[in-house]
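Visitor: here is my input, please return the structure:
(2 chains)
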Amino acid sequence: MKSFLIPAAALVLCVTAASAWAAPGTVLRNDKLYSQPSASAKVAGSVTKGTSVNILAKQGGWLRVTSGKTTGWIRLLSVRAGAGGLGGTGLGDVVGAATTRSDPSRVVAVAGLRGLNDEDLKQAKFNADELERLEAMKVTATQARDHAGQSGLVAVKVPGLPEPKPAQTSSPWGNN
Amino acid sequence: MKIKLMVLAVSLLASSGGTAGIDFGKLLEERINQELNKDKPTQPAPAPAQQPVQAPGQAPAAAQSAAAPPPPVKQKIDARQLGFALFGDYSLEEETRIGKQISGNLLGAVPLVRDDKLHRYVNLVGNWVALQSGRKDVTWRFGVLDTEDINAFAAPGGYIFVTKGLYRRLNNEAELAGVLAHEIAHVTQKHHLKVLKQSSLIGALGQAASSKAKGSDQVVQNLIGNGAEIMARGLDKNAEFQADRVGIVYAARAGYTPWGLPDVLQDMAGLPAKDSRTSLLYKTHPHPADRLAALGEAVEGRLDAVRGKELADRFYRIR
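Guide: Numbers count the residues shown, from 1 in each chain, chains lettered A, B, ... in the order given. Coordinates of the predicted model:
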């Protein structure tokens, strides 16, 4: 029974992994495509920032993508999923402009149905009962360690990431 | 240094006299009194050495640029900012008091999901991640907010919230750990406390609408403005990028795959741009594409050797 299920499950996993990730994406930084999800694998090609790719699969920190005639593995953080292109700044402006204006429909809307907005938060009144509920559900460090250990989680040493090079100094006091 | 600044502040207070002093806000007054009492019985030190007085006609412009002149008395807000920033860090007690008030207000806008098992699970995962942050003085509390909005919040003193809308999009424990780690990083880096010290919110001291709600702390409310609006204002985008960088490392240190948070960002990047469930998120955070790009610059190949768990099997799913 078990020996029959495992290959079946593996097959289902492979199929879903391949089909679920036939999604558009955009390259965020110039990077290489590797033949395997590893930086020590053979380089299959390279892509430049802004290139459209098709995302085929995902594995850990890697995405399998197609760009033109080249298919290969690229670092997860070098691509964004979705159809928004490089997206970021331009899109942010549009969204920002759309949300900072007051929306007449929000007067009748309820937070749970439509999402939170500034006004919900600004008008909010202190709710001591909910805060008490939150307080009652906290756990101890010992409980958290036990829970982690149950699934074999072990603390590992990982060095911190470098700070980005300072682009400009921004002092809240401005220029004197 | 501290004393020097103190004296500067006190002299500023004195020089601005009744104009700025009256509406300074109770919290600030408390702090000033506290600081003054601490220094007694020592008399206030003599004022810091003044810049040599310029002889008339000698390049005054150069002297101005060298020394930071105190803001003109007319600009009340500047004087307040200076006065508030100079008392060093908030104590843990103050930090917790601020976080409690913000959280109580946030919970007034949207309550917790009625699911104790969910909350126990999120608290167990969250505390385990927080144990890797090195900040041991904080009591961490994690809550899931009952809204379809896709967002997460942190308040000083260890209060962390994820919305139900975001939680439902998560696929495994590593993704939850990644989201919580980003918020934990906001607390360990004291991002909101820095905003409180620097931002013009301080201009609202003493002006916040009075809340008569049970348990509400009016002194702190005066500091944070109306309700939980500090959560709608968001942080500097560099603070968000930093929380991503620091958070991804906390999650990896906890034994999870580092890719939990990036996977969540990828999922958000794939959502339609005008989804109303992400409007507040995008107002207060850089776009996920920008966050992925910034994270990519910092990570490069540095996490290639890190192996961690996803734990999809024991992830607590909600409808």
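
Visitor: tell me the contacts of residue B:117?
Guide: residue B:316 (C-beta atoms under 8 Å, 6 or more residues apart in numbering or on different chains). In short, each C-beta sits where N, CA and C put it, glycine included.

Visitor: please enumerate the strands of chain A.
Guide: A:23-27, A:31-34, A:43-47, A:52-59, A:62-67, A:70-75, A:79-81 (DSSP state E).

Visitor: what packs against the shortest one?
Guide: This means strand A:79-81. The helices and strands touching strand A:79-81, judged by 3 or more C-beta pairs under 8 Å, 6 or more residues apart in numbering or on different chains; DSSP states H and E, are strand A:23-27, strand A:52-59, helix B:260-269, helix B:288-299.

Visitor: who does it pair up with?
Guide: According to DSSP bridges, strand A:79-81 has the following sheet partners: strand A:23-27 (antiparallel).

Visitor: ok, now the fourth one?
Guide: Strand pairing for strand A:52-59, determined by DSSP bridges: strand A:23-27 (antiparallel), strand A:62-67 (antiparallel).

Visitor: now that strand: buried residues?
Guide: If you call a residue buried by 16 or more other C-beta atoms under 10 Å in any protein chain shown, then strand A:52-59 has these buried ones: A:53, A:55, A:56, A:57, A:58.

Visitor: kindly report the same for stretch A:124-133.
Guide: Those would be A:124, A:125, A:126, A:127, A:130, A:131, A:133, for stretch A:124-133 by 16+ other C-beta under 10 Å.

Visitor: distance between the ends of that stretch?
Guide: 18 Å (C-alpha to C-alpha, to the nearest Å).

Visitor: kindly provide the whole-number mean pLDDT of it.
Guide: If you average the pLDDT over stretch A:124-133, you get 95.

Visitor: pull the residues that contact it.
Guide: B:100-101, B:103-109, B:111-112, B:211, B:213-216, B:221, B:227-228.

Visitor: equivalent analysis for stretch B:232-248, please.
Guide: A:116-118, A:121-122, A:160-161, A:163-164, B:178, B:181-186, B:188-189, B:191-192, B:194-195, B:199, B:201, B:258, B:261-262, B:265, B:280, B:283-286, B:290-291, B:294-295, B:298-299, B:303.

Visitor: so which of those sit within helices?
Guide: Mapping these onto helices (DSSP state H) picks out A:118, A:121-122, B:178, B:181-186, B:188, B:191-192, B:194-195, B:261-262, B:265, B:280, B:283-284, B:290-291, B:294-295, B:298-299.

Visitor: separate out the buried members of those residues.
Guide: If we count by 16+ other C-beta under 10 Å, the ones in helices among the contacts of stretch B:232-248 have these buried: A:118, A:121-122, B:178, B:181-186, B:188, B:191-192, B:195, B:261-262, B:265, B:280, B:283-284, B:290-291, B:294-295, B:298-299.

Visitor: ok, and which of the contacts of stretch A:124-133 reach chain A?
Guide: Of the residues in these, proximity to chain A by C-beta under 8 Å from any C-beta of the partner chain holds for B:100-101, B:103-109, B:111-112, B:211, B:213-216, B:221, B:227-228.

Visitor: can I get the buried part of those residues as one ChimeraX selection?
Guide: Buried residues among these (16+ other C-beta under 10 Å), as a ChimeraX selection:
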select /B:100,101,103,104,105,106,107,108,109,111,112,211,216,221,227,228
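
Visitor: still on that earlier bit, of the strands of chain A, which stretch is the most buried?
Guide: strand A:79-81 (a mean of 28; mean count of other C-beta atoms under 10 Å in any protein chain shown).

Visitor: who touches that strand?
Guide: A:23-28, A:53, A:55, A:63, A:65, A:86-87, B:266-267, B:269-270, B:288-289, B:292-293.

Visitor: per-residue pLDDT, residue 7?
Guide: No chain specified, so I'll use chain A. Looking at residue A:7, its pLDDT is 51.

Visitor: sorry, should have said chain B
Guide: 45.

Visitor: now swap in the one 4 residues further on and tell me
Guide: Taken from the predicted model, the pLDDT recorded for residue B:11 is 43.

Visitor: looking at the chain, which helix or strand is least sure?
Guide: Unless you meant another one, I'm taking chain A. The helix or strand of chain A with the poorest confidence is helix A:88-100; it has a mean of 37 (mean pLDDT, DSSP states H and E).

Visitor: chain B, not that one
Guide: helix B:76-85 (a mean of 37).

Visitor: any idea which helix or strand comes after that one?
Guide: helix B:92-109 (DSSP states H and E).

Visitor: rounded mean pLDDT for that following helix, please.
Guide: Helix B:92-109 comes out at a mean pLDDT of 93.

Visitor: who are the packing partners of it?
Guide: Checking 3+ C-beta pairs under 8 Å, 6+ apart, helix B:92-109 ends up next to helix A:118-123, helix A:128-136, strand B:141-145, strand B:152-155, strand B:159-163, helix B:191-198, helix B:218-224, helix B:229-233.

Visitor: what about the first one, near chain B?
Guide: Spelled out, it's helix A:118-123. Yes - using C-beta under 8 Å from any C-beta, we find that helix A:118-123 touches chain B at A:118, A:120, A:121, A:122, A:123.

Visitor: domains for the chain, by residue range?
Guide: No chain specified, so I'll use chain A. A:17-81, A:88-134 (automatic domain parsing).

Visitor: actually chain B
Guide: According to automatic domain parsing, the domains of chain B span B:1-45+B:70-88, B:92-299.

Visitor: most tightly packed of those domains?
Guide: Buried most deeply of the domains of chain B, by mean count of other C-beta under 10 Å, is domain B:92-299, with a mean of 22.

Visitor: start and end of that domain, how far apart?
Guide: OK, domain B:92-299 end separation, C-alpha to C-alpha: 32 Å.

Visitor: what about chain A, any weak spots by pLDDT?
Guide: Low-confidence segments of chain A (pLDDT under 70): A:1-21, A:87-114, A:167-176.

Visitor: with chain B instead?
Guide: B:1-88, B:198-212.

Visitor: at 80 instead, please
Guide: Along chain B, the parts satisfying pLDDT under 80 run over B:1-89, B:197-213, B:219, B:222-223, B:225, B:227, B:233, B:273, B:319.

Visitor: before I go, just wanted to say thanks for your time.
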